[in-house]
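[1] I need the structure of the sequence given here:
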Amino acid sequence: MAEAATVQLPAMDEALLQSDLDALAALTERDRPWTRRSFTSMFLKGRDYLRSAYEKEGLEVRLDEAGNVVGRWQGSDKSAPVLMTGSHSDTVPSGGRFDGIAGVLSALAAVRTLKAAGYQPRHSIEVVDFLAEEPSEWGLSCVGSRGMVGALGPKEFSLLGPDGERLNDAIDRIGGNSGKLGKPLRDDIASFLEVHIEQGPVLEARSIPIGIVSSIAGISRLKVSFEGTAAHAGTVPMTMRQDAGLAMARFILSVSQAAKNVTDRGHFTATTGVIRVWPGGANVVPGASEIIVDIRAEQDGAMDDFLSLALKLANEAAQQEGCLVTDFDILSRTFAVPCDEKLRKEIALVSEELGLEHITLASGAGHDAAFVARVAPVAMIFIPCHEGKSHCPEEWTETSAIATAAGLVARTLMRLDGGQ
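    Numbering: from 1, shown residues only. Sure thing, here's the model as predicted:
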């Protein structure tokens, strides 16, 4: 084995990386490319391919109790904590050719390159494919990473999926052991690196190959209901209405403008994606309305302030239309997860050594790294995707971009291992 200080990494094998990408892309529902929903037979075929790919590189492969596929390259010091990298192989419907897969395959390619160079790590290196990162048919995302860190319990296990199958039974069906979950499975992870397509337009628009993630945004889902008076659309004068649809519309516009005004507190978005009115007739003034707002913030304080402001804006919108706010309910709330500063600096140093331009940006999407952060330092590397499209059939990332990330991961793993 080569001495760490003398290791020269070979060029990334893009042809083999492309072969892996194509093989997994071919494992899809024919009428919905590129689809491998978690827990399905197609998903398990994808995992069989990954197991085989791991084994070809000499990794010890196992399925942990949370249903995560882990390939381990044993280090020379068995007492040293693990360097972990990877992502997920499940997809949303019709939108998963690169989302998650880029992270798993870049991790595998990084290990492949280190092995080709004759490198022998002191720390064990693990490549992980987390179970069900995308929202599953059980209504829960990040199932495998939650399980790894002890964030699955009776409430989650009781969720019902297709044919009334409980989540714990589904985990057991694909080879996990839900009876062992409920507490952290790992206390031996020194660091976790996750490569992911940006899922946004910034890197491509600025022709920058690497984004170093500052934090993973917290997410709140807010339901707001308005009550007015249903009335005949042709007989009630415009000045005498209590139109719950208009109250809702005023609120949507005010929330959007308020989010645009959050300019100095990191990444921040607010999106109204669910809109309902009752009774829903073309010739009826709406008597009731309901919306759900998705709010994402890099800073928890910004989220707290915005939620307070949103209540004020809802009441103002209702008052302007002679309506009432009958429900203001925070359906869910997760908190922002900062990426580890030391790991971010290591990635930046390696990027500079490799001549890779990079910027810092937040992740507005959730990732497994947010849960792994409960038990280990985490960092994320973003790569460009075409026009920022993701979760759709048009999602695309160049193989060369994934190869660049794999090279960055390989060098960063060496630094963390003490080899450079």
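[2] All the helices of the stretch 251-400 of the chain, in order from the start?
    Along the stretch 251-400 of the chain, counting by DSSP state H, counting those that start in this stretch, helices occupy 300-320, 341-353, 369-372, 399-417.
[3] Who are the packing partners of the second one?
    I take that to be helix 341-353. In terms of contacts (3 or more CB pairs under 8 Å, 6 or more residues apart in numbering; DSSP states H and E), helix 341-353 is packed against strand 189-197, strand 210-216, strand 358-363, strand 378-383, helix 399-417. Yep, even glycine has a C-beta here, placed from its N, CA and C like the rest.
[4] about what we covered before: turn the helices of the stretch 251-400 of the chain into a markdown table, including mean neighbour count.
    What follows is the helices of the stretch 251-400 of the chain, written out as a markdown table (neighbours: other CB atoms under 10 Å):
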| stretch | mean neighbour count |
| --- | --- |
| helix 300-320 | 17 |
| helix 341-353 | 17 |
| helix 369-372 | 26 |
| helix 399-417 | 23 |
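[5] Could I get those helices in a markdown table, plus columns for mean pLDDT and distance to Lys260?
    Output for these, formatted as a markdown table (pLDDT from 0 to 100; distance: least, CB to CB, whole Å):
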| stretch | mean pLDDT | distance to Lys260 |
| --- | --- | --- |
| helix 300-320 | 98 | 12 |
| helix 341-353 | 98 | 28 |
| helix 369-372 | 98 | 26 |
| helix 399-417 | 98 | 30 |
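[6] can I get these in JSON lines with distance to Ala15?
    Formatted as JSON lines, the helices of the stretch 251-400 of the chain follow (distance: least, CB to CB, whole Å):
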{"stretch": "helix 300-320", "distance to Ala15": "45"}
{"stretch": "helix 341-353", "distance to Ala15": "24"}
{"stretch": "helix 369-372", "distance to Ala15": "29"}
{"stretch": "helix 399-417", "distance to Ala15": "9"}
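[7] and Pro162, which of those helices is closest to it?
    helix 369-372 (24.2 Å; CB to CB).
[8] which residues touch the closest residue in space to Thr113 that isn't next to it in sequence?
    Nearest residue to Thr113 in three dimensions, chain neighbours excluded: Ala410, at 4.9 Å (CB to CB, 6 or more residues apart in numbering). Contacts were defined as CB atoms under 8 Å, 6 or more residues apart in numbering; by that measure Ala410 touches 9, 109-111, 113-114.
[9] can you do 6 Å?
    Contacts for Ala410 (CB atoms under 6 Å, 6 or more residues apart in numbering) come out as 110, 113-114.
[10] Return the closest of those with respect to Ala258.
    Each of the contacts of Ala410 was checked against Ala258 using CB to CB; the closest is Ala110, at 42.5 Å.
[11] okay, which residue of this protein is out on the far edge from center?
    The outermost residue of the chain relative to its centre, with distances by CA atoms, centre = their mean, is Thr235 at 50.2 Å.
[12] Can you give me every residue that contacts that residue?
    Applying CB under 6 Å, 6+ apart, no residues qualify as near Thr235.
[13] Point me to the helix or strand that includes it.
    Taking DSSP states H and E as the definition, one finds Thr235 inside no helix or strand.
[14] Now do it against Ala288, distance only.
    20 Å (CB to CB, to the nearest Å).
[15] So which of the helices and strands packed on helix 341-353 is nearest Arg122?
    Across the helices and strands packed on helix 341-353, Arg122 has its closest neighbour in helix 399-417 (5.6 Å, CB to CB).
[16] what angle do the closest one and helix 341-353 make?
    Interaxial angle, helix 399-417 versus helix 341-353 (axes from the mean of the first three to the mean of the last three CA atoms, to 10 degrees): 120 degrees.
[17] chain center to helix 399-417: distance?
    Remark: helix 399-417 is offset 20 Å from the chain centroid, using CA atoms, centre = their mean, to the nearest Å.
[18] Likewise for stretch 169-180?
    23 Å.
[19] what residues does that stretch touch?
    Here stretch 169-180 makes contact (CB under 6 Å, 6+ apart) with 39, 63, 65-67, 168.
[20] Please repeat the previous calculation with a cut-off of 8 Å.
    Residues from elsewhere that reach stretch 169-180, judged by CB under 8 Å, 6+ apart: 39, 44, 63-67, 131, 138, 143, 147, 152, 157, 161, 165, 167-168, 181.
[21] go on, stretch 256-276?
    Contacts of stretch 256-276 (CB under 8 Å, 6+ apart): 214-215, 217, 248, 252, 255, 289-299, 301-302, 306, 309-310, 313, 361-364.
[22] One more pass at 7 Å, please.
    Stretch 256-276 is contacted from outside by 217, 252, 255, 289-299, 302, 306, 309, 313, 362, 364, using CB atoms under 7 Å, 6 or more residues apart in numbering.
[23] Ok, stretch 29-39 next?
    Stretch 29-39 has contacts (CB under 7 Å, 6+ apart) with 25, 27-28, 42-43, 46, 89-91, 93-97, 131-132, 134, 136-137, 170, 174, 393.
[24] The residues you listed in helices, which ones?
    25, 42-43, 46, 170 (DSSP state H).
[25] Can you add neighbour count, distance to Leu185 and pLDDT and give those back as CSV?
    Conversion of those to CSV gives the following (neighbours: other CB atoms under 10 Å; distance: CB to CB, whole Å; pLDDT from 0 to 100):
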residue, neighbour count, distance to Leu185, pLDDT
Ala25, 16, 31, 97
Met42, 16, 26, 97
Phe43, 20, 21, 98
Gly46, 25, 23, 98
Ala170, 25, 18, 98
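[26] could I get these as a markdown table with distance to Asp188?
    Conversion of these to a markdown table gives the following (distance: CB to CB, whole Å):
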| residue | distance to Asp188 |
| --- | --- |
| Ala25 | 34 |
| Met42 | 33 |
| Phe43 | 28 |
| Gly46 | 27 |
| Ala170 | 27 |
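[27] Closest one of those residues to Leu324?
    The closest of those, once distances to Leu324 are taken by CB to CB, is Ala170, at 42.5 Å.
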